[in-house]
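Enquirer: Would you be able to build a 3D model of this:
(one chain, ligands or ions: 2)
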Amino acid sequence: MTSRVLVVDDEPDMVENCARILKKAGYQCLTATDPHAALALVEAERPDLLLTDLKMPGMDGMELLRRARDVDPALPVILLTAFATIESAVTAIKDGAFDYLPKNFSLDQLRMAVERGLRQRELELENRNLREQLQGTLGFENILGRSAAMARVFELVRKAARSDANILVRGESGTGKELVARAVHANSPRAAQPFVPVDCASLPEQLLESELFGHEKGAFTGAVKSKRGLMEVADRGTLFLDEIAEMPLPLQVKLLRALQERQLRRVGGTSLVDVDVRVVSATNRDLREAVTRGQFREELYYRVNVIEIQLPPLRERAGDVRLLAHAFLKRYGHERVRAFDEAVLEALEAYAWPGNVRELQNVVERACALADRDRVTRADLPEYLVRGGRTVLAAPTAAAPTAPAVAEAGLPLKEAKEKWMQVLEASYLRELLEQHGGNISAAAKAAGIDRKTFHRLINKYQIRG
Ligand SMILES: Nc1ncnc2c1ncn2[C@@H]1O[C@H](COP(=O)(O)OP(=O)(O)OP(=O)(O)O)[C@@H](O)[C@H]1O
Ligand SMILES: [Mg+2]
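Expert: Residues are numbered from 1 along each chain as shown. Ligands and ions are numbered 1, 2, ... in the order given. Okay, the predicted model is just below:
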């Protein structure tokens, strides 16, 4: 199909001239000498490219650009002007113009600009199509990402969702494991049935057991009524076992049996109850290794890990930091804060994000709250993120800082002390974890802090259990 170019200028000669050249080059041309008429043409005819004068009575080219883009966001716009100053060109491009031509353009200049604009539109539409295929049909709109690493995840989630296989979602803290688990459910044949999350790390063994399997009246002190467990609640739906690596061994055995036999016995009960659940589990630990260490039952490992979805850490998703930052700005800026200084985006991109998407979300929320005007500036970022010292602490592969590295960074004593404390903290945690064979609950107990805090700290220093 021939591409259609809409030419707009208040001087009829100019319109004629352009139209003639473009027709010769094989394009169809629509013309207007009035910007309002031009806008009507954009709406009615849907041209592929808009070539417009900048200075026109009634509505200038920039205004026309904005309003035309409201109608068709993928419309490339080339501006023509008699006053070709660099400055206005830059502003125009920043405001969304695709290109900029002086009115004394050469034939080639015009033809090339139009050709490039049309190619750009094609790419844009192609991207949009892909995006819509990924999101529209699948309801993934709340999982953002356009990096190659996330494209692979989307593809896998799509395939995994339509099967009934049990899925293990792996990834560092804050990478979106729960989001993916919910997307799997929402896109599965079980979507109309319940999605039931269980946090295996939050409860002591006995409580977790009765949460999961339910109990009969009188099964233990306080069991005044019988109660269905979450596994029964999830019948015909999806059971989400979060932090599955933290499930105590005796419970692992019971869970395995229930999954194998598709039946369970409530605590204190005698009869068997039928259950049909699909299990999606999540962990930030290496479950294979936990099996080797004897902390996780091998048969259960194979049972829950039929398909494994590994979420990449944020620092390995090129391009996604900007995309996510803007999405969170929209959410937390409440129409008041609308933009980032480029320096802010650069700082965000340079940072290693040990806490991944959740950390980025928190940083943007905080920055929006602190921003004085309608833009986020570097001053609204936490210090560790903008200061040079950051590289010592947050280098993705360097894991925890070392004493010599702190000295080398040439920091003032007060800051150096802070870093040294972190060095100490990191090696303390690593030692303790090793002593307890990677068992986080045991190590946390020995440290006298709760599991969640311990988890947070080892994620911060990227210590692996
Ligand atoms: N790709 C993404 N797009 C948009 N928001 C995201 C994305 N990934 C994560 N988030 C947001 O980041 C936060 C953390 O995500 P989620 O709870 O799924 O992570 P997690 O991997 O389960 O973390 P943890 O291991 O700490 O439980 C949530 O608020 C979630 O909505
Ligand atoms: Mg989670």
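Enquirer: List the contacts of stretch 115-126.
Expert: Contacts to stretch 115-126, defined as Cβ atoms under 8 Å, 6 or more residues apart in numbering, come from residues 3, 48-49, 74-78, 98-99. Yep, even glycine has a C-beta here, placed from its N, CA and C like the rest.
Enquirer: which among those end up buried?
Expert: 3, 48-49, 75-78, 98-99 (16 or more other Cβ atoms under 10 Å).
Enquirer: which SS class is S173?
Expert: Three-state assignment for S173 (DSSP: H, G, I helix; E, B strand; the rest coil): coil.
Enquirer: give the contact list for it.
Expert: 284, 355-356, 358, 455-456, 459.
Enquirer: 10 Å - rerun?
Expert: Contact partners of S173, counting by Cβ atoms under 10 Å, 6 or more residues apart in numbering, are 284, 313, 354-359, 455-456, 458-460.
Enquirer: between those residues, which is nearest A161?
Expert: Of all the contacts of S173, A161 sits closest to V357, with 20.6 Å by Cβ to Cβ.
Enquirer: pretty sure the closest one is in contact with F328, am I right?
Expert: Yes: assessed by Cβ atoms under 10 Å, V357 is found in contact with F328 at 9.1 Å.
Enquirer: joint contacts of those two?
Expert: Joint contacts of V357 and F328 (Cβ under 10 Å, 6+ apart) are L144.
Enquirer: Between those two, tell me which one has more neighbours.
Expert: V357 (26 against 20; other Cβ atoms under 10 Å).
Enquirer: Checking that one next. Helix, strand or coil?
Expert: V357 falls in the helix class when you classify it by three-state DSSP.
Enquirer: How about V5?
Expert: Per three-state DSSP, V5 ends up strand.
Enquirer: Name the residues linked to it by a beta bridge.
Expert: Note on V5: beta-bridge partners by DSSP bridges are C29, L49.
Enquirer: quick one: it and ligand 1, what's the gap?
Expert: Separation of V5 from ligand 1 (Cβ to the nearest ligand atom, to the nearest Å): 38 Å.
Enquirer: if I pick that residue, what's in contact with it?
Expert: So V5 contacts 18-19, 22-23, 25, 27-31, 47-51, 76, 78, 114, 117-118 (Cβ under 10 Å, 6+ apart).
Enquirer: In helices, which of those appear?
Expert: In helices, defined here by DSSP state H, the members of the contacts of V5 are 18-19, 22-23, 114, 117-118.
Enquirer: so what's L123 scoring on pLDDT?
Expert: Looking at L123, its pLDDT is 84.
Enquirer: Let me see the contact set for the residue of the stretch 51-200 of the chain found nearest ligand 1.
Expert: In the stretch 51-200 of the chain, the residue that lies nearest ligand 1 is G176 (2.8 Å; Cβ to the nearest ligand atom). Applying Cβ under 10 Å, 6+ apart to G176 gives the contacts 142-145, 150, 153, 169, 182-183, 282, 311-312, 314, 356-358.
Enquirer: Next, the contact list for the spatially most central residue of the chain, please.
Expert: Closest residue to the average C-alpha location of the chain: L144 at 3.9 Å, with Cα atoms, centre = their mean. When contacts are counted by Cβ under 10 Å, 6+ apart, L144 touches 135, 150, 176, 179, 320, 323-324, 326-328, 357.
Enquirer: Give the ChimeraX command for selecting the buried subset of these.
Expert: Selecting only the buried entries of the contacts of L144 in ChimeraX, with 16+ other Cβ under 10 Å as the criterion:
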select :150,176,179,320,324,326,328,357
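Enquirer: Helices - which of the contacts of L144 land there?
Expert: Applying DSSP H to the contacts of L144, the entries found in helices are 135, 150, 179, 320, 323-324, 326-328, 357.
Enquirer: and ligand 1, which of those reach it?
Expert: With Cβ under 6 Å from any ligand atom as the criterion, these include 179, 324, 357 near ligand 1.
Enquirer: And the last one, how close does it get to Q462?
Expert: Distance from V357 to Q462, counting by Cβ to Cβ, to the nearest Å: 16 Å.
Enquirer: measure the closest residue to C18 other than its chain neighbours to ligand 1 for me?
Expert: Using Cβ to Cβ, 6 or more residues apart in numbering and skipping residues adjacent in sequence, the residue nearest C18 is V7, 4.7 Å away. Distance of V7 to ligand 1, given as Cβ to the nearest ligand atom: 42 Å.
Enquirer: V7 - how many residues pack around it?
Expert: That count, for V7 with other Cβ under 10 Å as the rule, works out to 27.
Enquirer: show me what contacts it?
Expert: Counted by Cβ under 10 Å, 6+ apart, V7 has contacts 14-19, 21-22, 27, 29-33, 38, 47, 49-53, 78, 80.
Enquirer: re earlier: among the contacts of V5, name the buried ones.
Expert: 18-19, 22, 27-31, 47-51, 76, 78, 114, 117-118.
Enquirer: Got phi/psi on A282?
Expert: Dihedral pair for A282: phi -140, psi 150, per degrees, to the nearest 10.
Enquirer: Which residues of this structure lie near ligand 1?
Expert: 143-145, 171, 173-179, 282, 284, 324, 357-358, 361.
Enquirer: Please repeat the previous calculation with a cut-off of 5 Å.
Expert: By Cβ under 5 Å from any ligand atom, the residues of the chain that approach ligand 1 are 143-145, 173-179, 284, 357-358.
Enquirer: Turn the residues you listed into TSV, including pLDDT.
Expert: Shown next, in TSV, are the residues of the chain next to ligand 1 (pLDDT from 0 to 100):
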residue	pLDDT
I143	90
L144	91
G145	91
S173	91
G174	94
T175	97
G176	96
K177	96
E178	95
L179	94
N284	93
V357	96
R358	94
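Enquirer: Now pLDDT too, for the buried ones among the contacts of stretch 115-126, in CSV please.
Expert: Listed next are the buried ones among the contacts of stretch 115-126 as CSV, based on pLDDT from 0 to 100:
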residue, pLDDT
S3, 92
D48, 94
L49, 96
L75, 91
P76, 94
V77, 95
I78, 95
F98, 87
D99, 89
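Enquirer: And the residues you listed, which two are furthest apart?
Expert: Farthest pair in those, by Cβ to Cβ: S3 and D99, 15.4 Å.
Enquirer: quick one, what contacts the closest residue in space to N142 that isn't next to it in sequence?
Expert: Among residues not flanking N142 along the chain, L179 sits closest, at 6.6 Å (Cβ to Cβ, 6+ apart). L179 makes contact with 140, 142-144, 169, 311, 357 under the criterion Cβ under 10 Å, 6+ apart.
Enquirer: about what we covered before: PyMOL command for the buried members of the contacts of G176?
Expert: Entered in PyMOL, the line below selects the buried ones among those, by 16+ other Cβ under 10 Å:
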select buried, resi 143+144+145+150+153+169+182+183+282+311+312+314+356+357
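Enquirer: quick check, nearest of the contacts of G176 to R162?
Expert: Closest to R162, out of all of the contacts of G176 and judged by Cβ to Cβ, is A183, at 12.2 Å.
Enquirer: how near is that closest one to V157?
Expert: 6 Å.
Enquirer: now D374
Expert: D374 sits 36 Å away from V157, going by Cβ to Cβ.
Enquirer: Just want to know which of these two has more residues nearby.
Expert: A direct count of neighbours by other Cβ under 10 Å for D374 and V157 places V157 higher, at 22 against 11.
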